[in-house]
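S.K.: here is my input, please return the structure:
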Amino acid sequence: MKPSNNKKRRRSNKPLYQIKIAKERINILFNEAEKMVSKDKKLANRYVQLARKIGMRYNVRIPGEMKRRFCKHCHAYLKPGITSHTKVDKGVVKITCLACRKKTNIPYK
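M.R.: Purely as a prediction, here's the structure:
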């Protein structure tokens, strides 16, 4: 049984139009965080926090490209050179958050 546009999804009790709006808002918040990170880091981190909250409330996954834009430990927005250091080493991208000093390794081929 395939859900229609106005029906509810099976694992969530939110209508599809609300889920669509939530995805759009997450995109908007990450775009705003990108603009604000050089001016006001606290505001950029707040945008990430709001985007995560929307994702959890509406059971929407944050896309992979956006997941790598914030620290998994302190949830700070990561921008290379401003809030993080990026290093490429033997098939691994090493990202260090300057707020909490935690390191994230992302493999690549």
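S.K.: need the three-state assignment for residue 85.
M.R.: strand (DSSP: H, G, I helix; E, B strand; the rest coil).
S.K.: next: residue 39.
M.R.: Under three-state DSSP, residue 39 comes out as coil.
S.K.: so which elements touch the helix or strand bottoming out on mean pLDDT in the chain?
M.R.: The weakest-scoring helix or strand in the chain, judged by mean pLDDT, DSSP states H and E, is helix 64-67 (a mean of 92). Packing partners of helix 64-67 (3 or more C-beta pairs under 8 Å, 6 or more residues apart in numbering; DSSP states H and E): helix 16-36. For every residue, glycine as well, the C-beta is placed using N, CA and C.
S.K.: off-centre distance for the helix it packs on?
M.R.: Centroid separation for helix 16-36 versus its chain: 10 Å, with C-alpha atoms, centre = their mean, to the nearest Å.
S.K.: cool, and stretch 96-105?
M.R.: 16 Å.
S.K.: and stretch 73-90, by the same measure?
M.R.: 14 Å.
S.K.: next: stretch 61-77.
M.R.: How far stretch 61-77 lies from its chain's middle: 4 Å, per C-alpha atoms, centre = their mean.
S.K.: so how far does that stretch reach from one end to the other?
M.R.: Chord length of stretch 61-77, first to last residue, is 17 Å (C-alpha to C-alpha, to the nearest Å).
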